[in-house]
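Engineer: Below are the sequence and a predicted model; questions follow.
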Amino acid sequence: MPMLFNNGFAVSLGMVPSLTWLIFYLHKDKNPEPKYLVSRTFFMGIILAPIAAVLQLFFSQQWEMSQTTFVLISAFIEEVIKYSAVRFLILHNPEFDEPADAMIYMIVAGLGFAAIENTLVLFRAVEMGALVASKILFFRFVGATLLHALSSGLVGYFLGLAWFYHRHSRKIIFLGIALASIFHFAFNIILVTVSGTQGFFYSTILLVFSALIISLLFKNLSNKTRKFNG
C-alpha cells in the first residue's frame with residue numbers, strides 16, 4: 001500500500017508543473033483552441049516521450065561519445081519527438097487554421113513530454129521524503145518544465161512561418177528544430193558543467209531571456225497572420 005500511495009503521489013505531483021504552465025500559456029491565447037485537441041496533444045506528448053528515451057539509450061550504446069555530444073544528441077531527439085506529436089495530430093486537422101496555433105500546440109506537446117519526465121524523476125524522489133520531492137518539484141517547475149515549453153514554442157514559431165513559405169517549409173521546420181535543440185543543449189550543459197546555485201542562476205537567466213523571446217515571436221507571428229489575412 002505505501003508503494004502504491006507513493007507512485008500515485010509521484011504521478012500527481014509530476015503533472016503539477018506542466019498543468020500550471022499549460023494554464024498560463026492557454027490563458028495568453030486570445031483565440032482558444034478546442035479543449036479536446038489541447039488534451040490530445042498534451043497526452044500525445046506523454047505517449048511519445050518513451051520513444052525519446054529508447055533512442056537516447058540506443059545511441060549511447062551504439063557509439064562512444066563525449067558527454068557534451070550525448071547531451072546535444074539527446075536534446076535533438078527530444079525536440080524531434082515533441083514536433084512529431086504535433087505533426088501527427090494537428091498539422092492536417094481543420095482546427096489548425098492560424099500559424100500562431102503552431103506555437104500553442106507545440107508548447108502543449110512539450111508540457112506533456114515534461115510531465116512524464118517529472119513523474120519519472122519523482123518516482124525516485126518520493127522515496128527520499130516529502131521535503132526532497134518538494135525541492136525537486138520546484139526546480140523542475142522553474143527549470144526543465146519551462147525549458148520544454150520554450151524550446152517547443154521555438155519550433156512552433158518556425159512551424160508557423162512554414163505556413164507562409166510552403167516551398168521552403170521543410171528547411172524552415174528543420175531550422176526551428178535545430179535552434180530549439182541548441183537552446184535545449186545550452187540549458188542542459190549549464191546544469192551539467194556548473195554546479196549548485198550558480199548553475200541554477202545561469203540556467204534561470206537563460207530561461208527568462210528565452211521566455212521574453214518566445215513572447216515576442218508569438219506576437220510577431222500573430223501580426224504576420226493578420227497582415228496575411230487582411
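Structural biologist: Everything's here; your move.
Engineer: what's the burial count for H166?
Structural biologist: Each residue near H166 was counted by other Cβ atoms under 10 Å, and the total is 9. Heads up, the C-betas are built off the backbone N, CA and C, glycines and all.
Engineer: let me redo that: I51
Structural biologist: Applying the criterion other Cβ under 10 Å, we find 14 residues in the vicinity of I51.
Engineer: do the one 10 residues further on as well
Structural biologist: Burial measure for Q61: 8 neighbouring residues, criterion other Cβ under 10 Å.
Engineer: what's the answer for F76, then?
Structural biologist: Neighbouring residues of F76 were enumerated by other Cβ under 10 Å; the total is 18.
Engineer: cool, and the one 10 residues further on?
Structural biologist: Around V86 sit 27 other residues, with neighbours defined as other Cβ under 10 Å.
Engineer: got the residue ranges for the strands in the protein?
Structural biologist: When assigned using DSSP state E, the chain turns out to have no strands.
Engineer: And the helices in the chain?
Structural biologist: The residue ranges that make up the helices of the chain, judged by DSSP state H, are 2-28, 35-62, 67-89, 101-125, 130-142, 144-162, 169-193, 196-229.
Engineer: can you tell which of these is closest to E95?
Structural biologist: Checking the helices of the chain against E95 by Cβ to Cβ gives helix 35-62 as the closest, at 5.7 Å.
Engineer: Next, the angle helix 144-162 makes with that closest one.
Structural biologist: 110 degrees (axes from the mean of the first three to the mean of the last three Cα atoms, to 10 degrees).
Engineer: Dump the helices of the chain to a markdown table, plus mean pLDDT and distance to E95.
Structural biologist: What follows is the helices of the chain, written out as a markdown table (pLDDT from 0 to 100; distance: least, Cβ to Cβ, whole Å):
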| stretch | mean pLDDT | distance to E95 |
| --- | --- | --- |
| helix 2-28 | 77 | 15 |
| helix 35-62 | 95 | 6 |
| helix 67-89 | 96 | 11 |
| helix 101-125 | 92 | 8 |
| helix 130-142 | 83 | 29 |
| helix 144-162 | 97 | 15 |
| helix 169-193 | 96 | 19 |
| helix 196-229 | 89 | 15 |
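Engineer: how far away is F218 from T197?
Structural biologist: Taking Cβ to Cβ, to the nearest Å as the measure, F218 and T197 are separated by 31 Å.
Engineer: of those two, who's got more company?
Structural biologist: Per other Cβ under 10 Å, whichever of F218 and T197 has more neighbours is F218, with 21 against 8.
Engineer: Report the contact partners of the spatially closest residue to the more buried one that is not a sequence neighbour.
Structural biologist: Of all residues not flanking F218 in the chain, M103 sits nearest, at 5.5 Å (Cβ to Cβ, 6 or more residues apart in numbering). With Cβ atoms under 8 Å, 6 or more residues apart in numbering as the criterion, the residues that contact M103 are 153, 156-157, 159-160, 214, 217-218, 221.
Engineer: Out of those, the closest to I172 would be?
Structural biologist: Each of those was checked against I172 using Cβ to Cβ; the closest is L159, at 8.0 Å.
Engineer: ok, that closest one - contacts?
Structural biologist: Contact partners of L159, counting by Cβ under 8 Å, 6+ apart, are 83, 86, 102-103, 106, 172-173, 176.
Engineer: most surrounded residue in those?
Structural biologist: Neighbour counts for the contacts of L159 peak at M106, which has 32 neighbours (criterion: other Cβ under 10 Å).
Engineer: for that residue, what are its contacts?
Structural biologist: With contacts defined as Cβ under 8 Å, 6+ apart, the neighbours of M106 are 82-83, 86, 152-153, 155-156, 159.
Engineer: Cool, thanks, signing off.
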